[in-house]
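Visitor: generate coordinates for the sequence data below:
(chains A and B, ligands or ions: 1)
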Amino acid sequence: MTGHEGKAPSAVTFHGSWTDFAKIALPNVLLTLVTLGVYRFWATTRERQYLWAQTRFIDEPLEWTGRGMELFIGFIMVFFLLGLPLIVMQLVINGLVFQGQPIIAGVIIFAMFLAIFYLTGLAYFRALRYRLSRTYWRGIRGGSDDQGFTYGWSYIWKNVVAAISLYLLYPWASMSLWNERWSKMSFGPYQFESNADWKALMKRYLLFYLVPFLIFVGAVALGIAAASSGEGGDPFSTAGGVAGAVAIFIGILGLYIVMPLAALLYYSKFMRVAIGALRLGDLEFDFTARSPDWILFWLANLAILMIAYGFAFAPFSLLIATDPTQFVQQMEAGESILSVGLVIGVLIAIIPIAFATSIIRYRSWKFFVVHTEAFGEVNLDRMTQSTTDSSSHGEGLLDAFDVGAI
Amino acid sequence: MTTFFDAWHFDGQSAVRRKVEIQAIGRQFYLLEPELRHGPFHFDELRFLEAKGDARVYGLAGKDGWRLGVRGHVPEDLAPLLPASKTYGGLIDRLGLGKASLVFAGISAAVVAVVLLSPQWLAPLIPSSVEAKLGNALVGDFGGRFCDTPQGKAALAKLTRSLDDNPKDLQVEIANIDMLNAVALPGGKVLLFQGLLDQAKSPDEVAGVLAHEIGHVRERHVMQGLLRQMGLAVVLGGFDGSGGSTLNSLLSTTYTRDSEREADDHSLKALKQANISPVGTADFFNRLASMDGSRDLKDRQARTMASYTSSHPLSDERRKLFEKAVVKGSAYKPALTSNEWRELKTMCAQDKDVKSGWGFDIE
Ligand SMILES: [Zn+2]
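Guide: Just a heads-up that it's a prediction; the model follows:
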């Protein structure tokens, strides 16, 4: 049989429904709770299985083949190889400081900081590699022949350069790291190519970069106006007082609304430029989400989280509101039944929050898939199996931390 | 439910989808295309991967990307040869979600109970030499911040002797740091900070606080607390985010509060045995109460919440505890003579080569 050629306008589609997803997410929350969090690796796996299976590329769904056990083993290994030494080092540093050895303590702290920085970069690389190697389409998977060790160093020095430039070169650092990361990845026989141009990001980035200055200047100008016009008297009844209040209002507005908005505008542009520059064989990609899409997406996420927190704290306020004096008396007596009640209360409060975060993960995946487009042709005969190593030990090692792959 | 049966195959070599028929021969099978035959494969090597609607997908052990998909009503003779579907996999499928959850909850409760209760009998099993080494590693000589004059040390030793029958395995030190605090550390180390001495109006106050810290040492609270914290951190480490740490602090705080009560009881007993008045300690807590605001908080509700979240019982409650212990008309004697008390209070000022403060400057 000869392979037919798949034409692909808007070839990536999503077919899931959040009610179906909830049937996976709710048992996940329950099992994670009763296993004190141990089940979450299997929960992640079941979530991804659903999300991948509901994502179609051209005519066939994706398939997630990662396993909960490999994430669990990865987590245990990281705990013993990294967590435990870190705790021991903390004790050693404490001891050194108390014993008046601040220089040695400082050197160790710097070395630890460097190691953690390196491992963070490595984690980003490995997470992407792991996810590609567990993603199948028509029986073909992705991966990378690179271990990511050089990427860890790039991560350090590019971030250092960004810091030296007072973060003016941050877009360059993040974009060149994106290019470096994706260029080392492959799917089937094809290597990803990525040469996104960071200069396209600068306008948005400068906007974000200058917002704090603009807010500061605005607040100062209003403050001066307030000082010059408000002469004596009750400061809040004069025009100067009003200007002062406006200055404070603008400051708060800037901090909680304008800053995140400016960051979102930049991020939106980043994703469009970065994914738009990605190539795989004859395939080109596009990411169509524009700033308003992102803003709506985040506002809805925020609303979901707030509702969840409302549900989480409802039992506590109920407990206090129904009979405050009784509650206080029991608390003062330190009755142990009450601390058992509190512990159970916290456990129950975890349910709505955990459920909401998995719904947000569903929405994020959907948002990502719906706005991703692919153009070009896939020759199915030439789309052969990846030769990258996929069975290496600890492949899921750093994905256990879920740093996010993109 | 559709009744037609449909099978497809990816060979894991290329992305070409093949419509196939399954030809079973005993425990083996072939996949047939119009002009091509794949196989033979073993049914035993088939692995269930996923179910979607009325379709199921199988993989083959050791063959990367090999897939066999079937949709619709599987023929009678083929059905028993295919591996069973899985929802959660393993144990949970066998028990059912409800039963499995109960089993897991039981195991989790047991593990937490062990972590909370076992330090009580585990801590005494740790050899005191190990504890002493741990204490030394943690603190050492505190970077030369321990104050030392012969008279001051003698006064401190007398105070310790009067409060404890076995002062040899205690190491009580005055640290030259301006902090209103005292701590008990592994290996019988007790540190009183100079700030506490500066604030104290009488040696009786210092005696009460010292006896409290010795109480922590004698009741083995230090290692217990350390073991419990470590155990909870491991057991609740599976939760990410704030849930785990909230639970951790809630569970360990309950125990810390119990420990504080035990140490206070120990302190009262030691004071009684030494015939030292608890009034001084009550005064001390009174001053502490006006600092932490527990006396002035009118709102009882807020006060209770504060007491539940802080690891130490409220200073105001402790003041009452020590006040109640005062026996009217009892002939108490001061914990130290005025001469000894002066030497103790000024020991850090007299010590020429002691280092001070938190500044870890290099000299
Ligand atoms: Zn204490």
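
Visitor: who touches stretch B:100-119?
Guide: A:30-31, A:34-36, A:39, B:88, B:91-92, B:95, B:223-225, B:227-228, B:231-232, B:234-235, B:251, B:255 (CB atoms under 8 Å, 6 or more residues apart in numbering or on different chains). Using the backbone N, CA and C atoms, a C-beta is placed for each residue, glycine as well.

Visitor: show me where the chain has strands.
Guide: Looking at chain A here, since you left the chain open. Using DSSP state E, the strands found in chain A span residues A:5-7, A:12-14, A:55-57, A:60-64, A:135-137, A:140-143, A:186-187, A:190-194, A:278-280, A:283-287, A:372-375, A:377-379.

Visitor: the intended chain is chain B.
Guide: Using DSSP E, strands in chain B cover B:5-10, B:18-25, B:28-33, B:36-42, B:46-52, B:55-60, B:63-72, B:171-175, B:182-185, B:189-193.

Visitor: ranking the ones you listed by mean pLDDT, which is last?
Guide: Lowest mean pLDDT of these: strand B:182-185, a mean of 84.

Visitor: out of the strands of chain B, which is closest to residue A:384?
Guide: Closest approach to residue A:384 among the strands of chain B is made by strand B:63-72 (9.9 Å; CB to CB).

Visitor: distance of residue A:375 relative to chain B?
Guide: 18 Å (CB to the nearest CB, to the nearest Å).

Visitor: run a quick neighbour tally on that residue.
Guide: 14 (other CB atoms under 10 Å in any protein chain shown).

Visitor: give me the beta-bridge partners of it?
Guide: When bridges are called by DSSP bridges, residue A:375 pairs up with residue A:284.

Visitor: now do the same for residue A:403: its pLDDT.
Guide: 45.

Visitor: please name whichever of the strands of chain A is nearest to residue A:172.
Guide: strand A:190-194 (14.5 Å).

Visitor: in that closest one, what's buried?
Guide: Judged by neighbour count (16 or more other CB atoms under 10 Å in any protein chain shown), strand A:190-194 contains these buried residues: A:190, A:191, A:192, A:194.

Visitor: returning to that earlier point: could the strands of chain A go into a markdown table alongside distance to residue A:152?
Guide: A markdown table is the format used below for the strands of chain A (distance: least, CB to CB, whole Å):
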| stretch | distance to residue A:152 |
| --- | --- |
| strand A:5-7 | 37 |
| strand A:12-14 | 31 |
| strand A:55-57 | 30 |
| strand A:60-64 | 26 |
| strand A:135-137 | 23 |
| strand A:140-143 | 18 |
| strand A:186-187 | 20 |
| strand A:190-194 | 19 |
| strand A:278-280 | 22 |
| strand A:283-287 | 26 |
| strand A:372-375 | 28 |
| strand A:377-379 | 33 |
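
Visitor: and the ones you listed, which one averages the lowest pLDDT?
Guide: It's strand A:5-7: among these, that one has the lowest mean pLDDT, namely a mean of 43.

Visitor: one step back: show me which of the contacts of stretch B:100-119 are buried.
Guide: A:30-31, A:34-36, A:39, B:88, B:92, B:223-225, B:227-228, B:231-232, B:235, B:251, B:255.

Visitor: out of those residues, who's near the ion?
Guide: Among those, none lies close to the ion by the criterion of CB under 5 Å from the ion.

Visitor: inside helices: which ones of these?
Guide: A:30-31, A:34, B:92, B:223-225, B:227-228, B:231-232, B:235, B:251, B:255 (DSSP state H).

Visitor: between those, which is nearest the ion?
Guide: residue B:225 (10.1 Å; CB to the ion).

Visitor: contacting residues for the closest one?
Guide: B:119, B:252, B:255, B:256, B:259.

Visitor: contact residues of the stretch 101-250 of chain B facing chain A?
Guide: B:101-102, B:104-105, B:107-108, B:111-112, B:137-144, B:235-240, B:243-244, B:246-247, B:250 (CB under 8 Å from any CB of the partner chain).

Visitor: if you set the cut-off to 10 Å instead, what comes out?
Guide: For the stretch 101-250 of chain B, the residues in contact with chain A (CB under 10 Å from any CB of the partner chain) are B:101-109, B:111-112, B:134, B:136-145, B:175, B:230, B:233-244, B:246-247, B:250.

Visitor: buried subset of those residues, written for PyMOL?
Guide: Buried members of these, defined by 16+ other CB under 10 Å, are picked up in PyMOL with:
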select buried, chain B and resi 101+104+105+108+112+134+136+137+138+139+140+142+143+145+175+233+235+236+237+238+239+243+244+246+247+250
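
Visitor: neighbours of the residue in the stretch 1-150 of chain B that the ion sits nearest to, just the number please.
Guide: Among the residues of the stretch 1-150 of chain B, residue B:123 lies closest to the ion, at 16.1 Å counting by CB to the ion. Residue B:123 has 20 neighbours, counted by other CB under 10 Å.

Visitor: give me the nearest residue to it, chain neighbours excluded.
Guide: residue B:223 (4.0 Å; CB to CB, 6 or more residues apart in numbering or on different chains).

Visitor: is it correct that that neighbour is in contact with residue B:121?
Guide: No - at 11.5 Å, residue B:223 does not count as touching residue B:121 under the criterion of CB atoms under 10 Å.

Visitor: pretty sure residue A:103 is touching residue A:93, no?
Guide: No - taking contacts as CB under 10 Å, residue A:103 lies outside contact range of residue A:93: 12.0 Å.

Visitor: ok, those two, which is more surrounded?
Guide: Neighbours per residue, other CB under 10 Å: of residue A:103 and residue A:93, the larger number sits with residue A:93, 18 against 11.

Visitor: dump the residue contacts of that one.
Guide: A:101, A:102, A:104, A:105, A:106, A:108, A:109, A:112 (CB atoms under 10 Å, 6 or more residues apart in numbering or on different chains).

Visitor: and which of the buried residues of strand A:190-194 is nearest residue B:22?
Guide: Distances from residue B:22 to those, taken by CB to CB, are shortest for residue A:190, at 32.0 Å.

Visitor: what residues are bridge-paired with that closest one?
Guide: residue A:187.

Visitor: cool, and the one 4 residues further on?
Guide: According to DSSP bridges, the residues that bridge with residue A:194 are residue A:278.

Visitor: the ion is nearest to which of the strands of chain A?
Guide: strand A:60-64 (51.7 Å).
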